[in-house]
Each structure stands twice: as structure tokens, then as C-alpha cells.
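In: What would the 3D arrangement of this be:
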Amino acid sequence: MIWLVLCAMASITVLLFLSGLYRTGEVLNRKDGALVILKDQLSEIDTDQERNLISVTEAEAARVEIKRRILAAGRLATRESSRASGRSTIFASAIATPLVAFALYSQIGSPQIESQPLASRASETQQAANLSELTQRLKTRLEADESGGPSDGWVLLGQTYMRMARYDDAADAFERVTFRDNADISTLLLYAEALIAAENGIVTPQAESVIERASEMDPDDPGPIFYRARILEQDGIPDEARALLIERLERADRAYPWMELFLSVANRLGEQIGENPVALADFFPDSRDARGPRAADVEAAQDMSVEERSAFVRSMVDRLAARLADDPDDLEGWLRLAEAYSVLGDFDAAQNAADKARSLAESLPETDPTRAAATARLDRIKK
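Out: Below is the predicted model of the structure:
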């Protein structure tokens, strides 16, 4: 009986699979038509601009959007074309796959054995269902609150939705508290990030207005500045985006963990416009917070023996550890200490310093670039 059921299932699967091969030409024709329409729209934009019906800024924004759609349609058409060219291969595979499966199952299969992967997936599905149920309970409780629900509760709900990749729901949750008196930059940036994620990474006008509100609260905060640079890059002006990041780095009074992210993005943008890469030492050459020893220290160490050099490096690490005893809230210092201990092979000390740094990083808002940069550095430390 089991073999009849399996044969029937295999036959139905093959028929359904092969029926899709004959729709490829229709799909390709649709994609070609879409490309023609989009290219015509580009020509219409040029005409409207020449007639002064739209401004230069509006025309450029429209061109960027249409070009993005052309690229997306082109990629899809390419994939469909590739599938069409391999139709004979797919046909052969569709026939051979069930035959090979039957041959293998007849030798090593047994219908009495429980599917272990399926059992594992069932457990994961149950966990996801439990999380979804708890999240719905939290939302119901917040909505039933006559006072509108505590801000912390809505933020927690939004963060949970973000982890579940339910970005529209996350944006709705964050929006509930963005106009309250206790709304801060962190809340606004959480809302902006949810809006951006819901649009597959595109900063929409709505997200841009939220970022602008955050910037008005504190124009010097790295978070809004980072997103403003992202907007400039999206608008096709990477030189201004890079300049904005560099300008904020130059105004810093000392080194901070968020600078790692700023430097990474600035250098990526610099590659596009032919600018040389920058490093933290370019902004703090003589600061005690600059990564690594100063040039004078390196020159002095070159004339030392292996033992002397090791003692010299250890003394620098010990001085940093002593300073952190007096300044335990210095996240950048703990990161550097953990990295130094790891290089020296003192992995227990590296672990202790990394734990201190992680605790400080986790106390920061999730949207703070410092937190993301610190977490990335901690993940690279060998402990």
C-alpha cells in the first residue's frame, strides 16, 4: 500500500513540476514589456524636465527610482531566461529524481522510522508559535490599557516584532510612543529603522522625517548623523555622505566604539569616489585612546630584545588596566584591553575584559551605532 501512495505522490509532483516549464516564455514576454515601459518613463522624465514641468531634483529622484526598478526587472528576466535555457536538463532531472529516490528508499528506507528532522522542525515551530502567542498577549494588554500603555511596553513589543522580521508591526508599535513627551532619540531611531527594514533597506520620506526629528533633539548625536549619511548615499551623493561622517569624527573629543562603524562606512564610500582610507589614528594621533602604540613607542620597541619588547607591551596593557580601574565605564578602554590580552595569549583576562565591555555595550540603545560596533569587535576577539 505504501508503494502505491508514494508512486501517486511522485507522479503528481512530476506533472506539476513540468507544467511550469511551459510558462517560461510568457513570463519572459511580461518582463520585456515591463522593461520597455520603464525605459519610456525615463524618456518622459527628460521631456518633462526640458519643459520645466518638474524640477531638476524631482527629475533626478524619479530617474533613480526607475533605474532601480529596471535593474530589478532585468535581474528577474535573467533568472527566467536561465531557467528556459536549461529546460531539457530540468525535464531529465524531474524524471530521474523520483526514480533514484525509489531506488535508495528500497535499500535503506523504512516507513516505520520516525522522521527526526521533522520532529526537530516541529519543536522549532512550537517555539515560534509560543513567541507569537506571548507577543499577541502583550499587544492586547497594551491596547486595553486606558492610559495608552507604558512606553517601555510598546518599545519591547516593537523590538520583539523586529526579531520576528515583522517590520510593519514593529513600526506600528514604535509609532505609538514617538509623539509622547518621554520619546527620545533612541525611540525615534528604532521607529526609523523599522520603517527602513519594512521597505527592504530604502529610506522612505516618512523614515527621513523621523530621522530629522531625532537630529533636531541632538544634532551632535552619532545615530541621526549615521542615518543622514545613509540618506545622502541613497540619493547618489556619496561624497557628501562621507564628508558628513568624517566631519563628525573630527569633532569627537576622544575615541568611541561607534567610530569603528563610521570609519568602515566612510572608507567604503571613499572607494567609490577615489578617496584614501582613514583610520582612528588619523583623528587621534597622540591620544591615549588611539588604537595601538604611538609612532615613538614603535620606534623605541624596534631596538628591544624579544623579552624587552614583551615586557614593554605588557607594561602598556597594565597601564590601561590600571586606568580602567578608575574609569570602569570606558567602553572603548575595555574593548582595547580585551583585544590586547587576546593578542598576548592571556585568554582568561581577555574574557573578563570582554565581559565588562559587553555589559556596557548592552546597556546602550539598540539603535546606537556604538553598540553594533562594540559587538562586532567583541565577536572578533579570541577568548
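In: excluding its backbone neighbours, what's nearest G333?
Out: L324 (4.9 Å; Cβ to Cβ, 6 or more residues apart in numbering). Just so you know, the C-beta spots here come from the backbone N, C-alpha and C atoms, and that holds for glycine as well.
In: again, but for E233
Out: Excluding its sequence neighbours, the residue lying closest to E233 (Cβ to Cβ, 6+ apart) is A241, at 4.3 Å.
In: and the gap between that neighbour and F262?
Out: 11 Å (Cβ to Cβ, to the nearest Å).
In: ok, now G274?
Out: When G274 is compared with F262 (using Cβ to Cβ), they lie 19 Å apart.
In: So what's the residue count around L378?
Out: For L378, the tally of surrounding residues (other Cβ atoms under 10 Å) stands at 20.
In: Count the neighbours of M164 for me.
Out: Using other Cβ under 10 Å: M164 sits among 14 other residues.
In: Same check on N352?
Out: Look at N352: counted by other Cβ under 10 Å, it has 16 neighbours.
In: what does E44 give?
Out: E44: 13 surrounding residues under other Cβ under 10 Å.
In: Give me the mean pLDDT for the helix or strand where it lies.
Out: If you go by DSSP states H and E, E44 is part of helix 24-50. For helix 24-50, mean pLDDT rounds to 60.
In: cool, and stretch 263-276?
Out: So the average pLDDT for stretch 263-276 ends up being 92.
In: Next, the buried residues of that stretch.
Out: Neighbour-count burial for stretch 263-276, counted by 16 or more other Cβ atoms under 10 Å, picks out L263, V265, A266, N267, L269, G270, E275.
In: same deal with stretch 150-169?
Out: Under 16+ other Cβ under 10 Å, the buried positions of stretch 150-169 are 151, 153-155, 157-162, 166-167, 169.
In: Redo the residues you listed as a markdown table? Include pLDDT and secondary structure.
Out: As requested, these are exported to a markdown table (pLDDT from 0 to 100; DSSP: H, G, I helix; E, B strand; the rest coil):
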| residue | pLDDT | secondary structure |
| --- | --- | --- |
| S151 | 90 | helix |
| G153 | 89 | helix |
| W154 | 93 | helix |
| V155 | 89 | helix |
| L157 | 91 | helix |
| G158 | 91 | helix |
| Q159 | 88 | helix |
| T160 | 89 | helix |
| Y161 | 92 | helix |
| M162 | 90 | helix |
| R166 | 93 | coil |
| Y167 | 94 | helix |
| D169 | 95 | helix |
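In: re earlier: is the residue nearest to G333 within a helix or a strand, and which one?
Out: helix 306-326.
In: so after that helix, what's the next helix or strand?
Out: Immediately after helix 306-326, counting by DSSP H and E, sits helix 331-344.
In: can you list contacts of that next one?
Out: Helix 331-344 is contacted from outside by 254-257, 289, 291, 313-314, 316-317, 320-321, 323-324, 327, 347, 349-351, 353-354, 356-357, 360-361, 370, 374, 377-378, 381-383, using Cβ atoms under 8 Å, 6 or more residues apart in numbering.
In: about what we covered before: just the closest of the buried residues of stretch 150-169 to I45, please.
Out: Y167 (30.4 Å; Cβ to Cβ).
In: If we ignore the residues flanking it in sequence, what's nearest that closest one?
Out: In this structure, Y167 finds its nearest non-sequential neighbour in A198, 3.8 Å apart by Cβ to Cβ, 6+ apart.
In: for the one you found, phi and psi?
Out: Torsion angles at A198 (phi, psi; degrees, to the nearest 10) stand at phi -70, psi -20.
In: For burial, what's the neighbour tally of it?
Out: Neighbour number of A198 under other Cβ under 10 Å is 20.
In: and the gap between it and G345?
Out: 46 Å.
In: Check the secondary structure at E275 for me.
Out: Of the three states, E275 takes coil under DSSP: H, G, I helix; E, B strand; the rest coil.
In: my guess is it meets L245, correct?
Out: No. Checked against Cβ atoms under 8 Å, the pair E275 and L245 is beyond contact range at 11.5 Å.
In: For the two, list the residues in contact with both.
Out: Common neighbours of E275 and L245 (criterion: Cβ under 8 Å, 6+ apart): L269.
In: all strands for the chain, in order.
Out: Counting by DSSP state E, the chain has no strands to list.
In: the bottom helix or strand of it by mean pLDDT?
Out: Least confident helix or strand, the chain: helix 295-301 with a mean of 49, by mean pLDDT, DSSP states H and E.
In: Below-threshold pLDDT in the stretch 101-250 of the chain: ranges please.
Out: In the predicted model of the stretch 101-250 of the chain, residues 101-128 satisfy pLDDT under 70.
In: average model confidence for stretch 362-376?
Out: 78.
In: Surely G149 is in contact with R176?
Out: Yes. At 7.3 Å, G149 counts as touching R176 under the criterion of Cβ under 8 Å.
In: list residues touching both of those two?
Out: Shared contacts of G149 and R176, counting by Cβ under 8 Å, 6+ apart, come down to L142.
In: can you count the residues close to the residue lying closest to S186 once chain neighbours are set aside?
Out: Nearest residue to S186 in three dimensions, chain neighbours excluded: P365, at 3.6 Å (Cβ to Cβ, 6+ apart). Neighbour count for P365, taken as other Cβ under 10 Å: 15.
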